[in-house]
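# Need a 3D model of the sequence below.
(2 chains)
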Amino acid sequence: MFNFVLRRLGIAIPTMLLLIIFSFIMMHAAPGGPFNSERPLPPQVLANIEARYGLDKPLPVQMFDYVVAIVTQFDFGPSFRYADRSVNDIIALGFPVTLTYGLWSFVVAVTVGVSLGVAAAVYHNSWLDYLAVGVSIGAQVLPNFVMAPILVLVFTLWLGLLPGGGWNGGQWNHVIMPVIALSTSYMANIARITRSSMLEVLHSNFIRTARAKGLPQRRIIWTHALKPSLLPVISYLGPAFVGMITGSVVVDVYFSTGGIGQLFVNSALTRDYSVMMGITILFGALTIFFNMVVDVLYAWIDPKIRL
Amino acid sequence: MTKHTLLRSSAIALGAASFALLGTSAFAAMVPADVTLAEDQTFTYRVLDEHSSVDPQIVEDVSGSEIVRDLFEGLLNQNAAGELVPGVAESWEANEDNTQWTFTLRDNAMWSDGTPVTAGDFVYSWRRLIDPETASPYAWFGELMSIQGAGAIINGEAATDTLGVEATDDHTLVVNLSAPLPYFPAMTTHASTFPSPSWVIEEHGDEWTRPENIVSNGAYVLSEHVPNERSVRVRNDMYWDNEHTVIEEVTALVINDENVALTRYMAGELDRTEVPTGEFPRLQEEYPDQAISFPRLCNYYYNFNLGPNGPEALQDVRVRQALSLAVDRNVITDQVLQGGQIPAYTFTPGSTANFTVPDVPFAQMTQAERDARAVELLAEAGYGPDNPLTLDILYNTSDAHAEIATVMAQMWTQKLGVQTTQSNMEWQTFLEVRGEGEYEVSRGAWCGDYNEASTFLDLLTTPSGYNDAKYSNEEVDALMQEAKTMSDPSANYTRVEEIVAEEMPVIPVYHYAGVYMMDEGIVPSWPVNNVEQNWYSKDLYRVAQ
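The predicted model follows:
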């Protein structure tokens, strides 16, 4: 097991390096730059600014300096656009927002999704099954950019119960709508995957044996059927978890949360190189890490995979 | 470069106020006697994007400058009509040839930590502005102000203490200029000239603008800042004219999407937001006291690429005239934008101070006459069904730009048989492509740096860095050059507009309006007549409903 984890780590590090190099090159290949604006700066002023941020050095040198600063001091540099903030500050402000509503979304998506899926499979072809399938298809086809305005229309404008946006330090009433908007489609996927895999398991031989033995239904479902039927769900949860805690541009923009998804897109549009790189690296590292966690979980549940 | 442009600076706006010594209470919120103020004196408004900084010498965007004008106070302020009124300076005067300006500062101005505001603070911040170490994106403004030695310091050829600004005592600031500038005081309302506290900057470095560190001298202090979400400022008890401030707390909320912002306005979470394109008539009917529209100092136009990479066809003046004539401006303002925008036949907006819109001939024609003339002109130039003109329209991504481009393309196709394609590009890419002159026809817009016609017309001179059409006309250049030294240059401006209407290097499309939904309690104190929209929260108040 230890070797398995080491092997995975051995692959993760060069993957990260490649990610950094490719994003760095692609970013600098995009037209424009952080200090371009409708009113071009006088050359000397631009030169002074570029010198301050080290943009006057050759690109390979910039990339080398960048990687060295990260490895030795965990320093991702200053933001090019927000003079008083470093990339670390910006991520430290935006990521907790996204993490908060992302974690809640994860909890909601897994709890509701798995319950719906199990209920649908157990009461296969009953009204409960149709309802669960209906709900999950409905949730699937309602993308969050449709969901968000509908939620605001109902809860803010008609009912006047929830604020239409903002974050306000993560007060509960500001968190509810982002969580619903973000978790819905994940919830639908989880329900669908759980249902089909549960159905398959329920029709397998060992369940038939359990039934023949006269085990109570509850015990069959929760003790024997659930664990194997969650395997495909777990492999989906790895990327889904990263997807949720890194947030969504739509949710961030629509609810003006100040989360990191919005920062990511804005930094790309304004060519705030250092912020864009910082968030790319964060997202990359999270993706690699949680994929690794899923692999390890898998290997733990199913020893065949370790080979 | 537009160096001089900025500078012709509102000589006029200034006229009334220069050399003035006004009483103290005349410029804070002037609440009429018959008005009952609301209990709640807060103001919450929407901004499109996070501001770049609240450091006076670093800030470069509109939303940041709005905050800086509240947090800091420069030598002079603008009133609701855009005229100059005293700020930290009580009076100011020039020597005979306007090359030396002396400002007398009030003795009761204080920083929020209780330190008196001195002339030395201005010397520090003006040196800081042009210091290459600061790397300010507005360093050029110091050069534009023609302060002695500014250029050499920016280029790293001289030390910052060689700058021609001097505190002869704590309340006297003397500025020596390299050129005579009668309108120099008007430039001191610009955020980059506001004082900054040297002791705080030395202690905290770049982080001095955070709420826990910042010390400021304006009517408000920064109390909270959550980047990309909100920025809150509350009234500054140390401000010299604090007794006349009415609004207690001002909050700027970052909301990227204007439709979301409108929804939140409707939910009562905002006091001011922009009206999305095309929504104004409906809102005005439903909320006549809240939907407001007033002229702004900005124009919207299309460039013809007359540079070396531009299409051959556009070198023919008849083609340019035909394309301009065929654009029905009223369709764009009344049916697309619908927000009180003004159809444009001149480059300079009519709201510009001391500018009389000249009677350019094509403005007097009916659209049918213009269309007929356009068809004739294009045929004369040799284009028709057998030899159709093709054009590519470049604009940056935005619903409104796309709609206008589509409508104009349709007009050209239907009336003139022009075959058009559209290039919709993301902002940074758009800037690069347009800047390098790799386009045929491109969208442009300009907001005046100061309230005078040359801020617009200088764009059409050969040396201007913003002349994207690459238009060059010796007479225009000479007229604009001459205007800088004239006491009344309006005849020159009229002549330039006439030449532009004849040669049509650009198509003026419309002049902007500020189109807002605004709480009816705030509307009465909003400075709708300040066309530059330099507003100060200290001048606002909320009326009880």
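# buried set for the helix or strand containing A:Asn173?
Taking DSSP states H and E as the definition, A:Asn173 sits inside helix A:172-202. Using 16 or more other CB atoms under 10 Å in any protein chain shown as the burial criterion, the residues of helix A:172-202 that qualify are A:174-195, A:197-199, A:201-202. (C-beta placed from N, C-alpha, C; glycine too.)
# need the strands for the stretch 251-400 of chain B, in chain order.
Assigned strands in the stretch 251-400 of chain B, in chain order: B:272-274, B:291-304, B:342-343, B:390-396 (criterion: DSSP state E, counting those that start in this stretch).
# Report how many residues lie close to residue 278.
Since no chain was named, I'll use chain A. As a burial measure, A:Gly278 scores 24 neighbours (other CB atoms under 10 Å in any protein chain shown).
# Sorry, I should have been clearer: chain B.
15.
# what's near enough to touch it?
Residues near B:Gly278 by CB atoms under 8 Å, 6 or more residues apart in numbering or on different chains: B:Val336, B:Leu337, B:Gln338, B:Gly339.
# please redo it, this time with the cut-off set to 10 Å
Applying CB atoms under 10 Å, 6 or more residues apart in numbering or on different chains, we find B:Gly278 in contact with B:Gln335, B:Val336, B:Leu337, B:Gln338, B:Gly339, B:Asp399, B:Ala400, B:Glu403.
# pLDDT score for it?
pLDDT for B:Gly278: 90.
# the helices in the stretch 1-150 of chain A, which residues?
A:2-29, A:43-52, A:59-73, A:87-122, A:127-141, A:144-151 (DSSP state H, counting those that start in this stretch).
# per-residue confidence at the closest residue to B:Thr356 other than its chain neighbours?
Nearest non-adjacent residue to B:Thr356, counting by CB to CB, 6 or more residues apart in numbering or on different chains: B:Ser490, 6.7 Å away. pLDDT for B:Ser490: 90.
# Which of the three states applies to whichever residue of the stretch 201-307 of chain A sits closest to chain B?
In the stretch 201-307 of chain A, the residue found nearest to chain B is A:Gly258; the distance is 3.3 Å by CB to the nearest CB. Under DSSP: H, G, I helix; E, B strand; the rest coil, the three-state class of A:Gly258 is coil.
# so who does it touch?
A:93-94, A:97-98, A:166-167, A:252, B:50, B:226-230, B:253-254.
# what sits against the nearest residue to it once chain neighbours are set aside?
Leaving aside its chain neighbours, A:Gly258 sits nearest to B:Glu229 (3.3 Å; criterion: CB to CB, 6+ apart). Applying CB under 10 Å, 6+ apart, we find B:Glu229 in contact with A:93-94, A:97, A:165-169, A:256-259, A:262, B:50, B:252-255.
# Kindly list the main-chain dihedrals of B:Glu229?
Dihedral angles phi and psi of B:Glu229 (degrees, to the nearest 10) take the values phi -130, psi -60.
# can you check B:Thr277 too?
Here is the backbone geometry of B:Thr277 (degrees, to the nearest 10): phi -50, psi 130.
# remind me which residues of the chain are low pLDDT?
All of this is about chain A. Where chain A drops to pLDDT under 70, the residues are A:302-307.
# ah, I was thinking of chain B
In chain B, residues with pLDDT under 70: B:1-28.
# contacting residues for B:Ala135?
B:Ala135 sits next to A:35, A:45-53, A:83, B:57-58 when contact means CB under 10 Å, 6+ apart.
# next one: B:Gly340
B:275, B:280-281, B:284, B:291-295, B:333-334, B:512-515.
# okay, the angle between the helix holding A:Asn173 and helix A:127-141?
Following axes from the mean of the first three to the mean of the last three CA atoms, to 10 degrees, one obtains 120 degrees for the angle between helix A:172-202 and helix A:127-141.
# same for helix A:172-202, what does it pack against?
When contacts are defined as 3 or more CB pairs under 10 Å, 6 or more residues apart in numbering or on different chains; DSSP states H and E, helix A:172-202 sits against helix A:87-122, helix A:127-141, helix A:144-151, helix A:205-213, helix A:226-229, helix A:231-245, helix A:249-255.
# Relative to A:Thr270, how far out is the closest residue to chain B within the stretch 1-150 of chain A?
In the stretch 1-150 of chain A, no residue comes nearer to chain B than A:Gly32, which is 2.9 Å away by CB to the nearest CB. Using CB to CB, to the nearest Å, A:Gly32 is found at 9 Å from A:Thr270.
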